[in-house]
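[1] Only the shape, not the letters, is given here:
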């Protein structure tokens, strides 16, 4: 029989938010603690390996929107990466030689992009090909695998499943026989 | 020369052919997460991860060989 860590029915919205915000927390909420821990370690390690390779500009809201969307799926990790990138942009745009970003599509946007790229290169923060693809693949894949975990947690919550699944008939047959006490 | 700071500056390396090996940890991450979600018996988790990892690596090597052969023949 399946172990049930919770007696009340899980709330899918809570599972969704937890699973997205802290990878693995959705499974922990459903009583699957070991799975939650493995997911947390794997997603975190993958995301931060990407940032270790590519630096603070791995999460780039301004120039890499598709990668950015994938990275945001990793929850708290993506949010921290975004915050760090925003701080860098704030520091760079405080320099009068760079200035504030013009709205997208404005005629001077291209010139501003060139100025910010120059400033990033000067600070040693510019992420260039092909290392950018490697770094963003790590951070983006971390988000995408977390999406799979979010989906699984929500589906389990919708079905009202908590705790580890019951062993299948095959697994019961393969399990060593338990010794009977006299 | 600007001092390199981890998690701030990009790695000070030239990405070459060796960068393909960086795909392996990525495959491990995908295999671990997928099998952690899908497996019914956690005692068999690492075995299933290794099996999936082998499948994915073999599939990508086969795909790479196929693309290389097509390029070698037609270009």
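    Nice, thanks for sending it over. These numbers were taken from a predicted model, which means no experiment stands behind them.
[2] what separates residue A:77 from residue A:50, distance-wise?
    Distance of residue A:77 to residue A:50, computed by C-beta to C-beta, to the nearest Å: 10 Å. C-beta coordinates here come from the backbone N, C-alpha and C atoms, glycine included.
[3] okay, and the common contacts of those two?
    Jointly contacting residue A:77 and residue A:50 under the rule C-beta atoms under 8 Å, 6 or more residues apart in numbering or on different chains are residue A:142.
[4] Number of residues surrounding the residue nearest to residue A:19 when sequence neighbours are not counted?
    Spatial nearest neighbour of residue A:19, excluding adjacent residues (C-beta to C-beta, 6 or more residues apart in numbering or on different chains): residue A:26 at 2.5 Å. By other C-beta atoms under 10 Å in any protein chain shown, the residues close to residue A:26 number 31.
[5] State which helix of chain B is the longest.
    Across chain B, the helix with the greatest residue count (assigned by DSSP state H) is helix B:45-74.
[6] for stretch A:64-84, which positions count as buried?
    By 16 or more other C-beta atoms under 10 Å in any protein chain shown, the buried positions in stretch A:64-84 come out as A:64, A:67-68, A:70-75, A:77-78, A:81-82, A:84.
[7] quick revisit: and the residue nearest to residue A:19, what is it in contact with?
    By C-beta under 8 Å, 6+ apart, residue A:26 lies in contact with A:15, A:16, A:18, A:19, A:20, A:36, A:149, A:150, A:152, A:153, A:154, A:157.
[8] Of those residues, which is the nearest to residue A:58?
    Using C-beta to C-beta, residue A:20 is the member of those that lies nearest residue A:58, at 19.5 Å.
[9] coming back round to it: which strands and helices sit next to the longest helix of chain B?
    helix B:23-38 (3 or more C-beta pairs under 8 Å, 6 or more residues apart in numbering or on different chains; DSSP states H and E).
[10] What lies in contact with the helix it packs on?
    Contacts for helix B:23-38 (C-beta under 8 Å, 6+ apart): A:27, A:35, A:38-39, A:42-43, A:45-46, A:49, A:137-138, A:141-142, A:145-146, A:148-149, A:152, B:45, B:48-49, B:52-53, B:56-57, B:60.
[11] If we use 6 Å, what do you get?
    Applying C-beta atoms under 6 Å, 6 or more residues apart in numbering or on different chains, the external contacts of helix B:23-38 come out as A:35, A:38-39, A:42, A:46, A:141, A:145, A:149, A:152, B:45, B:48-49, B:52-53, B:56.
[12] show me what contacts residue A:173?
    Contacts of residue A:173 by C-beta under 6 Å, 6+ apart: none found.
[13] How about residue A:156?
    Neighbour list for residue A:156: residue A:30 [criterion: C-beta under 6 Å, 6+ apart].
[14] how close does it get to residue A:43?
    Distance, residue A:156 to residue A:43, using C-beta to C-beta: 18 Å.
[15] before we move on, what about residue A:20?
    From residue A:20 to residue A:43 the distance is 11 Å (C-beta to C-beta).
[16] So between those two, which is more surrounded?
    Counted by other C-beta under 10 Å, residue A:20 and residue A:43 do not tie: residue A:43 has more neighbours, with 27 against 23.
[17] That one - nearest residue in space that isn't next to it in sequence?
    Sequence neighbours aside, residue A:23 is the residue nearest to residue A:43 in space, at 3.8 Å (criterion: C-beta to C-beta, 6+ apart).
[18] which residues of chain A fall in helices?
    Ranges of helices within chain A are A:12-21, A:25-29, A:33-54, A:65-72, A:76-93, A:109-122, A:131-159, A:169-174, based on DSSP H.
[19] what's the model's confidence in the last one, averaged?
    Taken as a whole, helix A:169-174 has a mean pLDDT of 70.
[20] Before I go, just wanted to say thanks for your time.
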